[in-house]
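**Q** okay, sequence plus prediction incoming.
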Amino acid sequence: MKKLITGGTVVTAADEYRADVLVEDGKVAQIGHDLDAGGAEVVDASGLLVFPGGIDPHTHLDMPFNNTVTDDDWETGTIAAAHGGTTTIIDFCLTAGEKRLKDAVVKWHEKADGKAVIDYGFHLMVGELNEDTLSQLPDVLEEEGIASVKVFLAYAREFQASDRTLFQAFKVGADTGAVVLVHCENGSVIDELVDTALAEGHTEPKYHYLTRPPQLEGEATKRAIELANLAGAKLYVVHVTCKEAVDEIIEARNKGYDVLGETCPPYLTLDQTYLEKPGFEGAKYVWSPPLREKSNQDVLWHALQSGQLQTIGSDQCSFNFNGKKRLGIDDFSKIPNGGPFIEDRFGVLYSEGVVKGRISLQEFVAVVSTNAAKTFGLFPQKGTIAVGSDADIVLFDPGVERTISASTHHMNVDYNAFEGMEVRGEPVSVMVRGEWVIKDRKFVGNPGSGMYLRRELANAKTERQPVGLGGK
Ligand code: URP
Ligand code: ZN
Ligand code: ZN
């Protein structure tokens, strides 16, 4: 049904203006003043900000990891995302253990089908590549509409890739135009530090951060940057946490390297002392890379504000505290890594960023939506409010004051890492392709209504050259 949103302030990454928005057939049909409702449902948005739906480029829903599976699936995770103002996610499709990469993609579709309430795409995660999987990679990307590949330089016992595999992935990226996302930590050195800590009898959660120092993020970031540049690939560094990594990214960008970076709300707002909470409480804050010293927060905010980091991912990877987190009760290295952030990504960024004067409204829209759409081949279908774009729209009340709590959130997890944080602003109603998913703070969508977003590779098969050394 047609909808006319009246009296709100439309905010994009470029603009901010009072206008009505007419939505028809899932698209933004008109933007202007005194538009003819013509039988449309009229929604009064006076006093509200009208944002493009958030795009979260980093989620792990229903993902096997650390000897267990994440607790939010595609239904609970996407409903929580929608409540928080996110209308598109790009989730990591795990290929570990699959001989045929395509089988992994089929499996990921089965997880999302019938459950997702917002739109979604996949990044293809690759572990150690062999001749066979490497040769499958370009075709799988093209056939499955996946324009990004993920490589881990950490989690030595699960996903970690060698430098050779990393470089091969970059060569595929250069050849196909796929963006290569990299988790930058030196997993082998971390394992050595973990084994030493355990041998010395240190089992508490705080040893998670003590065995993953920021130098190991800086080193891996530098390595990924140089190898990506040598291969001629576009590099996207996921979940940047510290000055060591930010400095490498800025230096590379200043040299003209094709490097982008993402950070996440907890690194901007929490610090490593959370892992020192009494008893096992610190396990709630165990994810990787770990929380850092507070001084890194200003570095990250500044990098976001100045455009040296471009996006905010949630890195949603939830495990119940009174549940799967307890796998590590006697050994910090067995605590499943990850936290619940999909719902609060947008709101925390608005409150801690815009309300506190660290970023402008336009910068906010850029980092929570537009830049991810541009980076991952979804713009201008997604990531803005413009005639012809998908009507993914968030009606946001900037005046509401609320306290984040697990008692009111919608994620399928028994704690919230931002528990007690007082924030200003709240998504009130959220639509995806012109249909309400959240209306007046209530979920009114349909599981399965979320659509898979096929993305085009920048270099089509017919135009590709054989993979060479590349470089600039
Ligand atoms: O601890 C985290 N971040 N868990 C999810 C996997 C990853 O490294 O992104
Ligand atoms: Zn990671
Ligand atoms: Zn992640």
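**A** Looks like it came in fine. Residues are numbered from 1 along each chain as shown. Ligands and ions are numbered 1, 2, ... in the order given.

**Q** what's the burial count for the residue nearest to Val237 when sequence neighbours are not counted?
**A** Computed as C-beta to C-beta, 6 or more residues apart in numbering, the closest residue to Val237 that is not its neighbour in sequence is Gly261, at 4.5 Å. To be clear about C-beta, it is placed using only N, CA and C from the backbone, and glycine gets the same treatment. Counted with other C-beta atoms under 10 Å, residues neighbouring Gly261 total 26.

**Q** and Gly261, what's its pLDDT?
**A** You'll see Gly261 listed with a pLDDT of 98.

**Q** that one: which element?
**A** Following DSSP states H and E, the helix or strand that holds Gly261 is strand 259-263.

**Q** now the helix or strand just after that strand: buried residues?
**A** Next helix or strand after strand 259-263 toward the C-terminus (DSSP H and E): helix 265-269. With burial defined by 16 or more other C-beta atoms under 10 Å, the residues of helix 265-269 counted as buried are 265-269.

**Q** can I get those in JSON lines with pLDDT and distance to ligand 1?
**A** JSON lines is the format used below for the buried residues of helix 265-269 (pLDDT from 0 to 100; distance: C-beta to the nearest ligand atom, whole Å):
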{"residue": "Pro265", "pLDDT": "98", "distance to ligand 1": "13"}
{"residue": "Pro266", "pLDDT": "99", "distance to ligand 1": "10"}
{"residue": "Tyr267", "pLDDT": "99", "distance to ligand 1": "11"}
{"residue": "Leu268", "pLDDT": "99", "distance to ligand 1": "15"}
{"residue": "Thr269", "pLDDT": "98", "distance to ligand 1": "16"}
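
**Q** contact partners for Leu268?
**A** Taking C-beta atoms under 8 Å, 6 or more residues apart in numbering, we find Leu268 in contact with 297, 300-301, 304, 348-349, 352-353.

**Q** out of those residues, who's nearest ligand 1?
**A** Of all these, ligand 1 sits closest to Leu300, with 15.8 Å by C-beta to the nearest ligand atom.

**Q** Glu251 versus the closest residue in space to that closest one that isn't next to it in sequence, what's the distance?
**A** Distances taken as C-beta to C-beta, 6+ apart place Thr263 nearest to Leu300, at 5.0 Å, with adjacent residues excluded. Per C-beta to C-beta, to the nearest Å, Thr263 is found 17 Å from Glu251.

**Q** more crowded one of those two?
**A** Thr263 (29 against 13).

**Q** which residues does that one contact?
**A** By C-beta under 8 Å, 6+ apart, Thr263 lies in contact with 239-241, 300, 303-304, 309, 311-313.

**Q** do the same with Gln168
**A** Contacts for Gln168 (C-beta under 8 Å, 6+ apart) come out as 129, 134.

**Q** doesn't it lie inside a strand?
**A** No - according to DSSP: H, G, I helix; E, B strand; the rest coil, Gln168 belongs to no strand; its state is helix.

**Q** could I get the average pLDDT for stretch 207-222?
**A** Rounded mean pLDDT across stretch 207-222 is 98.

**Q** quick one: buried residues of that stretch?
**A** Under the neighbour-count criterion of 16+ other C-beta under 10 Å, stretch 207-222 has 207-214, 216-222 buried.

**Q** what's around the residue nearest to Asp392 when sequence neighbours are not counted, how many residues?
**A** Distances taken as C-beta to C-beta, 6+ apart put Gly53 closest to Asp392, at 3.3 Å, once the chain neighbours are dropped. For Gly53, the neighbour count with other C-beta under 10 Å is 32.

**Q** how much space between Leu291 and Asp247?
**A** Noted for Leu291: a distance of 19 Å to Asp247, by C-beta to C-beta.

**Q** looking at these two, which one has more neighbours?
**A** Neighbour count, other C-beta under 10 Å: between Leu291 and Asp247, Leu291 has more, with 25 against 16.

**Q** need the contact list for that one.
**A** For Leu291, the contact set (C-beta under 8 Å, 6+ apart) comprises 209, 241, 266-267, 270-272, 274-275, 285.

**Q** hmm, back to that, so of the contacts of Leu268, which ones are in helices?
**A** 297, 300-301, 304, 348 (DSSP state H).

**Q** Lys150 - that's part of a strand, no?
**A** Yes - counting by three-state DSSP, Lys150 is found in a strand.

**Q** how about Thr68, nearest residue that isn't a chain neighbour?
**A** Excluding the flanking residues, the one nearest Thr68 by C-beta to C-beta, 6+ apart is Lys324, at 4.8 Å.

**Q** I meant Met431, not that one.
**A** Excluding the flanking residues, the one nearest Met431 by C-beta to C-beta, 6+ apart is Ile393, at 5.1 Å.

**Q** assess the claim that the one you found and Gly383 are in contact.
**A** No - with contact defined as C-beta atoms under 8 Å, Ile393 does not reach Gly383; the gap is 12.0 Å.

**Q** anything in contact with each of these two?
**A** Taking C-beta under 8 Å, 6+ apart as the criterion, Ile393 and Gly383 both touch Pro52.

**Q** quick check: residues of the stretch 1-150 of the chain near ligand 1?
**A** Contact residues (C-beta under 6 Å from any ligand atom) of the stretch 1-150 of the chain with ligand 1: His60.

**Q** which phi and psi does the residue nearest to Glu422 when sequence neighbours are not counted have?
**A** Distances taken as C-beta to C-beta, 6+ apart place Thr403 nearest to Glu422, at 5.3 Å, with adjacent residues excluded. Per-residue torsions, Thr403: phi -120, psi 130 (degrees, to the nearest 10).

**Q** measure Ala220 to Ile250 for me?
**A** In terms of C-beta to C-beta, Ala220 sits 16 Å off from Ile250.

**Q** thanks again, I'm all set now.
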